[in-house]
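Enquirer: quick check, what structure comes out for this input:
(one chain, ligands or ions: 1)
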Amino acid sequence: MAGDVSLTREPVLPPAIGASEMDSLLDRAPCGFISFADNGELRAINATLLDLLGYSRADLVGRHVETILNVGSRIFYQTHLFPLLKLHGRAEEVFLLLRGKNGEDVGALANAVRRERGDEWITDCVLMRVVERRKFEDALLRAKKVAEEASDEAHARRREAEEANELLERQAVELELSQQQLLEQAEELETQSEALRAVNDELVARTDELQRLRTLAEDANRAKSAFLAVMSHELRTPLNAIGGYVQLLEMGIHGPVTDAMSEALGRISRSQRHLLRLINDVLNLARIEAGRVDYDLETFAIPEVVSAVLPMVEPQLTARRLRYTVNVAHDARVYADREKVQQILLNLLSNATKFTPSGGVVSVDAHVNGDRLVSVQVRDSGVGIAPDHLEHVFEPFVQVDVSHTRRAEGTGLGLAISRDLARGMGGDLSAESQVGSGSTFTLTLPRTA
Ligand code: ADP
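Expert: Numbers count the residues shown, from 1 in each chain. Sure, this is the predicted structure:
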């Protein structure tokens, strides 16, 4: 067969790339490339990386590889990357931050191989720029920071919540204690309240009882006054008769009277007068207490009453050699029962005379006491009354010093009657005294213009 033609054809290969073309390709490859020795000295750096970092080849070749790393990556290189390369001869997808000439950082992933070339160890390293990864990392870092802050915040909140909780628990305990105390106090109050109720019931019962006793006493007192009034009246008639017959005997109408008889008649007469006075006083007091006294109220001047009373006591004052002074304001006008005021003043003046030793002084003063009252004071420089007895002298039948009174022939009713009369006219009667210095009795009466 002519032309045995072999059909076998040599494969058509593209023309081989030369070493210099290869270098050029590497120089323009779409990734960075560096070679550096174990001492860090840069042996080669491609144009892509030089462009990226803004260096010229002359700037970097012969310099340390750390020149193109930022501070963090330098440390990483020294502590991790280079030891890794020495140990395993390779490193893959290591993230590095490259430092550009203008100081800007550029993120890159490095794949490196360490080989012996010639008589030294050389590391060839491809660097892939990572823009997105950097963004994500930044975002991640921010997110991490936010998360950390949120965590710190949450921690702080939790702490606050725990503290608030502790506070609440403490307050709850305190509240419980207070509640307990309140309950105890309430119980205590309840107990006291019950006790008070009991006391109150008791008081009410006693008040009722007292009211009943008071009614009884008032009834008894009224009965006593009525009895005394009747008795006094019945006694006065025979006493007056005794007085009359004594006078007839003294006058000798029934025959001559010897001295002894005359003295005996005198005693009878004095006793009769005393008894009559006593009976009159008892009758007066009984009438006052029974509310059977009528007051004939009118307007009059105190000086008039004093002038009317003084002559009645003057003989006694003179007999006992007492000095007396009168100092009565002319505008001292009262609205009262004239006769009863006279009776009171007579009683006060005869007491002052009775209880003042001879040579002493008795005085009567009257003055206006504010808008509503007139005060009349009977003062003496006599024996005085002890403080214990002072208020009791206004009680019926009280005589402080029996020996004195006996001598003075009192009944112990004058002051009781006088105070009742004064009060019956809207006034009062009070006493001040000092033993040995004298007494002052003050009668107050309603003032009128
Ligand atoms: P009596 O008729 O006994 O004088 P009173 O009621 O007038 O009764 O007086 C009561 C008592 O008060 C008297 O017995 C006397 O002890 C005392 N008394 C009254 N006035 C005076 C006075 N001016 N000085 C001292 N004591 C007095």
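Enquirer: please tell me I have it right and R323 contacts T353.
Expert: No: R323 lies out of contact with T353 (Cβ atoms under 8 Å); the separation is 11.6 Å. The C-beta positions use only the backbone N, C-alpha and C, and glycine is treated the same way.
Enquirer: what does stretch 326-344 rub up against?
Expert: 295-306, 308-310, 363-368, 374, 376, 417-418, 421-422, 424-427, 429, 443, 445-449 (Cβ atoms under 8 Å, 6 or more residues apart in numbering).
Enquirer: state the pLDDT value of R236.
Expert: We have a pLDDT of 83 for R236.
Enquirer: report how many residues lie close to it.
Expert: For R236, the neighbour count with other Cβ atoms under 10 Å is 15.
Enquirer: picking that back up, among the contacts of stretch 326-344, which lie within helices?
Expert: Those of these mapping onto helices are 302-306, 308-310, 417-418, 421-422, 424, per DSSP state H.
Enquirer: on that earlier part again, just the buried residues of the contacts of stretch 326-344.
Expert: Using 16 or more other Cβ atoms under 10 Å as the burial test, the contacts of stretch 326-344 include 297, 300-303, 305-306, 309-310, 363-366, 368, 374, 376, 417-418, 421-422, 424-427, 429, 443, 445, 447 as buried.
Enquirer: what count of nearby residues applies to the residue in the stretch 151-300 of the chain positioned nearest to the ligand?
Expert: Nearest to the ligand, among the residues of the stretch 151-300 of the chain, is D281, at 7.6 Å (Cβ to the nearest ligand atom). D281 has 21 neighbours, counted by other Cβ under 10 Å.
Enquirer: likewise for G414?
Expert: 24.
Enquirer: where along the stretch 101-250 of the chain do the helices fall?
Expert: Applying DSSP state H, counting those that start in this stretch to the stretch 101-250 of the chain gives helices spanning 132-250.
Enquirer: low pLDDT regions in it?
Expert: Where the stretch 101-250 of the chain drops to pLDDT under 70, the residues are 132-134.
Enquirer: hmm, 50 instead?
Expert: When residues are selected by pLDDT under 50, none of them lie in the stretch 101-250 of the chain.
Enquirer: gap between the strand or helix carrying the residue of the stretch 151-300 of the chain closest to the ligand and the chain center?
Expert: Assessed by DSSP states H and E, D281 sits inside helix 259-289. Centre-to-centre, helix 259-289 and its host chain are 69 Å apart (Cα atoms, centre = their mean, to the nearest Å).
Enquirer: R323 and T353: which has the busier surroundings?
Expert: T353 (23 against 11).
Enquirer: contacting residues for that one?
Expert: Residues near T353 by Cβ under 8 Å, 6+ apart: V313, Q316, L317, R320, L322, V362, D380.
Enquirer: now these as TSV including distance to the ligand and secondary structure?
Expert: What follows is the contacts of T353, written out as TSV (distance: Cβ to the nearest ligand atom, whole Å; DSSP: H, G, I helix; E, B strand; the rest coil):
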residue	distance to the ligand	secondary structure
V313	12	helix
Q316	13	helix
L317	13	helix
R320	13	coil
L322	12	coil
V362	9	strand
D380	5	strand
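Enquirer: can you tell me which of these comes closest to L53?
Expert: D380 (135.1 Å; Cβ to Cβ).
Enquirer: check which residues of the strand ranked longest in the chain are buried.
Expert: Longest strand of the chain, by residue count under DSSP state E: strand 105-117. Going by neighbour count (16+ other Cβ under 10 Å), the buried part of strand 105-117 is D105, V106, G107, A108, L109, A110, A112, R114.
Enquirer: determine which two of those residues are furthest apart.
Expert: D105 and R114 (25.1 Å).
Enquirer: for stretch 429-440, give me every contacting residue.
Expert: 344, 352, 355-356, 360, 377-386, 390, 393-394, 415, 418-419, 422-423, 441-444.
Enquirer: of the residues you listed, buried ones?
Expert: 344, 352, 355-356, 360, 377-385, 390, 393-394, 415, 418-419, 422, 441-444.
Enquirer: thinking again about what came up before, does the residue of the stretch 151-300 of the chain closest to the ligand really touch D420, like I thought?
Expert: No: with contact defined as Cβ under 8 Å, D281 does not reach D420; the gap is 11.6 Å.
Enquirer: ok, back up a step: what about burial for the contacts of T353, which qualify?
Expert: By neighbour count, with 16+ other Cβ under 10 Å, the contacts of T353 hold V313, L317, L322, V362, D380 as buried.
Enquirer: just checking: what are the partner strands of the longest strand of the chain?
Expert: The pairing partners recorded for strand 105-117 under DSSP bridges are strand 90-99 (antiparallel), strand 120-129 (antiparallel).
Enquirer: residues touching the first one, excluding its own?
Expert: Judged by Cβ under 8 Å, 6+ apart, the contacts made with strand 90-99 from elsewhere in the structure are 32, 52-53, 67-70, 72-73, 76-77, 81, 84-85, 105-114, 127, 130, 133.
Enquirer: which residues does the nearest residue to G243 once chain neighbours are set aside contact?
Expert: Computed as Cβ to Cβ, 6 or more residues apart in numbering, the closest residue to G243 that is not its neighbour in sequence is Q272, at 4.9 Å. Q272 sits next to L239, I242, G243, V246 when contact means Cβ under 8 Å, 6+ apart.
Enquirer: repeat that with 6 Å
Expert: L239, I242, G243 (Cβ atoms under 6 Å, 6 or more residues apart in numbering).
Enquirer: what about stretch 315-328, average pLDDT?
Expert: 93.
Enquirer: circling back to that earlier point, need the strands paired with strand 105-117 in JSON lines (columns: distance to V435 and mean neighbour count).
Expert: JSON lines is the format used below for these (distance: least, Cβ to Cβ, whole Å; neighbours: other Cβ atoms under 10 Å):
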{"stretch": "strand 90-99", "distance to V435": "120", "mean neighbour count": "17"}
{"stretch": "strand 120-129", "distance to V435": "129", "mean neighbour count": "18"}
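Enquirer: out of those strands, flag the one nearest the ligand.
Expert: So among the strands paired with strand 105-117, strand 90-99 is nearest, using Cβ to the nearest ligand atom, at 124.8 Å.
Enquirer: okay, the angle between the closest one and helix 132-250?
Expert: 70 degrees (axes from the mean of the first three to the mean of the last three Cα atoms, to 10 degrees).
Enquirer: just the mean pLDDT for strand 90-99, thanks.
Expert: If you average the pLDDT values across strand 90-99, you get 94.
Enquirer: domains of this protein?
Expert: 19-155, 160-289, 297-446 (automatic domain parsing).
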